[in-house]
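J.: sharing a sequence plus its predicted fold:
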Amino acid sequence: MCSSKTVRLIFAGVAVGCWLVSAPVLAAQESPLDLHSSIRINFPPKSPIVPLNTSVDESRATPRGGVMVVDLHMALSLRNAGSQHIRGVTLLVTAQEVTPGGKASVAVPSLDVPPGETFPVRIDLRLLRPLQLGNTPLVVVSLDGVLFENLTFFGPNDLNSRRSMTAWEMEAQRDRKHFKTVLSAAGPDGLRREMLDSLARQAERPRIDVRVSRGRATSAAATPEQLAQFAFLKFPDSPIEPTNGWAEIAGNEARAPRIEVRNRSSKPVSYVEIGWIVKDREGREFLAGSVPGADKDVLLPPGQTGRVLQDTTLRFSRNAGEPVTIASMAGFVSQVEFADGKVWVPDRSSLENARLLRVLAPSPEEQRLTELYRNKGLSALIDELRKF
Amino acid sequence: MTRHPSESLLALFAGGELGRFGKWRVERHIEGCADCQRDVAEFSALRSEVAAASDMPEVDWNRLAVEMKANIRLGLEAGACIEKRPVRMSFSPRALAACASLLLLVAAFLLERPMPRAAEVKAPEAAILEASGMGIQVKEGEQALMLLNPGAHDIHYSATGGAMRARYVDADTGNVTINNVYVQ
């Protein structure tokens, strides 16, 4: 027979064991993240924007199987410490020990932040990392660039954010001018119709899922490859003329696009981007993405011919995995940067004439203005247009 | 069937979870009912989205099976060894308590100790960029960096060279936000 002392001893042993077993497991279920150990904000000393406040509320780390899932929700409050209005900001986000070759960025274009004012930037990210990694800062947020109203730029520009933000600002100026012209020519009713047209286009725009990998992807389907030629939509005022282009097509995969272009302007060109439209067998057109110039900019003198190419594979699908078989492709010049840093984007009438508006996503500014109209109405939109 | 089937019946039908008779009845109805056809299509799409959004980590079932088989074999062999040496069992409550505590301590130590994974040899997987309903990500094997777009409703995705982009209007700030992930 067991004595009561022995029974107590058994219970105590089991209790201590259970606690030892369950404590680390329960503790590892979900833990809030500490701001200082999980994030490092790294802005250059003479930065014209200054981080005032960072919050990581609702950020969690949760073990799942052999990996740790880290959900980081950062709210940054930044102040314009410069002397000019800010038009755009790009922040570089790196998690080096998680994705050695990968990085991310969060850009906020279409801003109008006067000197001394603060503005918010949200960064919501999820990391999947092995459990055994140490406690070094998970994420480093640094400044890649700031664009001002006179199109001057500050920042290391590692991501070529100067070019991207300048192009977005050019598109913003183009689209604001268009909507202001509509307002002055057709009044508030005309502007309302224009907004409704834009919202309808955005809703009806065919969507496609694209998966990108470097080099040649390993496709499960052994579909025979063929070399498909691009058809080009040409704009009369484009400084670059695409002359010939092709890509390898296999089922729903397109790889290694190569496009020959000629500089027909009087200035040397440092970067060209070709918009890429694919058509499926049912005749539906989708914007697949764009083919940028070489990673390291190449100077294309006036009258010279160069080549835009990309060593990636794009795989197209829709409705969560249904492959989209590519029947044909078309291209158009979507962006050109000159050696002096000026950027060309197609004008609104060129896009309308080429019937590209129904395929392309709206510019960031058009997206912002239509959202403003949807949320706050026509008078708020008119007030916004009058600010510029 | 003159009345429309309930939403739950349509959802079960979309998931292939109805019995034969129920399936036959719903099939008969939706053949002539465009509204219910649309509902079924929406439920199917929703199921696909949910399936795509779930990101359960990959489990190496083969390795797990091999380990389990090895453990079972080890257990059988250990059992056979014990069988060969019959010992006289004498019940001692103190010894039992000590053994139970020791066993739990060992289990606790084993569970808490981080498992070394360096011995795992896997072919290097190429980094890929992809979009899901939650955001865009650069993924390399089991590791991933994903930029989320919580609360955004009109998201425009695009691929440019070695980058993928998601653009939306932030519901809180009203600012356009452009997320990019890159692969080198």
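T.: Sure thing, it's come through. Numbers count the residues shown, from 1 in each chain, chains lettered A, B, ... in the order given.
J.: pull the contacting residues for A:E273.
T.: A:S290, A:V291, A:P292, A:G293, A:V308, A:V333, A:S334, A:Q335, A:V336, B:T160 (CB atoms under 8 Å, 6 or more residues apart in numbering or on different chains). Placement of C-beta: from N, CA and C, glycine included.
J.: one more time with 10 Å, if that's ok
T.: By CB atoms under 10 Å, 6 or more residues apart in numbering or on different chains, the residues touching A:E273 are A:163-164, A:167, A:240, A:290-293, A:308, A:333-337, A:345, B:160-161.
J.: so chain A: which segments form each domain?
T.: The record's domain parsing of chain A by automatic domain parsing lists A:31-159, A:166-205+A:368-386, A:209-360.
J.: could you give the mean pLDDT of the longest one?
T.: The pLDDT scores in domain A:209-360 average 86.
J.: returning to what we had before: out of the contacts of A:E273, list just those in helices.
T.: A:R163, A:S164, A:A167 (DSSP state H).
J.: now A:E384: which helix or strand?
T.: Using DSSP states H and E, A:E384 maps to helix A:378-386.
J.: do you know how far the closest residue to A:S77 other than its chain neighbours is from chain B?
T.: Closest residue in space to A:S77, ignoring its immediate chain neighbours: A:N53 at 4.0 Å, by CB to CB, 6 or more residues apart in numbering or on different chains. Per CB to the nearest CB, to the nearest Å, A:N53 is found 14 Å from chain B.
J.: okay, A:N53: pLDDT?
T.: Reading off the confidence values, A:N53 has pLDDT 89.
J.: tell me the contacts of it?
T.: Counted by CB under 10 Å, 6+ apart, A:N53 has contacts A:A75, A:L76, A:S77, A:L78, A:R79, A:T118, A:P120.
J.: for the fourth one, give its distance to A:P51.
T.: By that I understand A:L78. Look at A:L78 and A:P51: by CB to CB, to the nearest Å, they are 6 Å apart.
J.: from chain B, which residue is nearest to chain A?
T.: When distances are taken as CB to the nearest CB, chain B reaches nearest to chain A at B:L104, 2.2 Å away.
J.: please save the CA atoms from the host helix or strand of that residue in PDB.
T.: According to DSSP H and E, B:L104 maps onto helix B:93-112. Extracted C-alpha coordinates of helix B:93-112, given in PDB (Å, rounded to 0.1, in the frame of the first residue of the first chain):
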ATOM      1  CA  PRO B  93       6.100   3.700  -4.600                       C
ATOM      2  CA  ARG B  94       9.200   5.800  -3.800                       C
ATOM      3  CA  ALA B  95      11.100   4.500  -6.800                       C
ATOM      4  CA  LEU B  96       8.000   5.000  -9.000                       C
ATOM      5  CA  ALA B  97       7.700   8.600  -7.900                       C
ATOM      6  CA  ALA B  98      11.400   9.200  -8.500                       C
ATOM      7  CA  CYS B  99      11.200   7.600 -11.900                       C
ATOM      8  CA  ALA B 100       8.100   9.600 -12.900                       C
ATOM      9  CA  SER B 101       9.800  12.900 -11.900                       C
ATOM     10  CA  LEU B 102      13.000  11.900 -13.700                       C
ATOM     11  CA  LEU B 103      11.100  11.000 -16.800                       C
ATOM     12  CA  LEU B 104       9.200  14.300 -16.800                       C
ATOM     13  CA  LEU B 105      12.400  16.200 -16.200                       C
ATOM     14  CA  VAL B 106      14.100  14.500 -19.100                       C
ATOM     15  CA  ALA B 107      11.000  15.200 -21.300                       C
ATOM     16  CA  ALA B 108      11.100  18.800 -20.300                       C
ATOM     17  CA  PHE B 109      14.700  19.100 -21.100                       C
ATOM     18  CA  LEU B 110      14.300  17.500 -24.500                       C
ATOM     19  CA  LEU B 111      11.300  19.700 -25.400                       C
ATOM     20  CA  GLU B 112      13.000  22.900 -24.300                       C
END
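J.: what's the closest non-adjacent residue to A:E365?
T.: A:A172 (3.5 Å).
J.: what's the local residue count around the one you found?
T.: 24 (other CB atoms under 10 Å in any protein chain shown).
J.: test my guess that it contacts A:P362.
T.: No - the pair A:A172 / A:P362 is not scored as a contact, 11.1 Å apart, by CB atoms under 10 Å.
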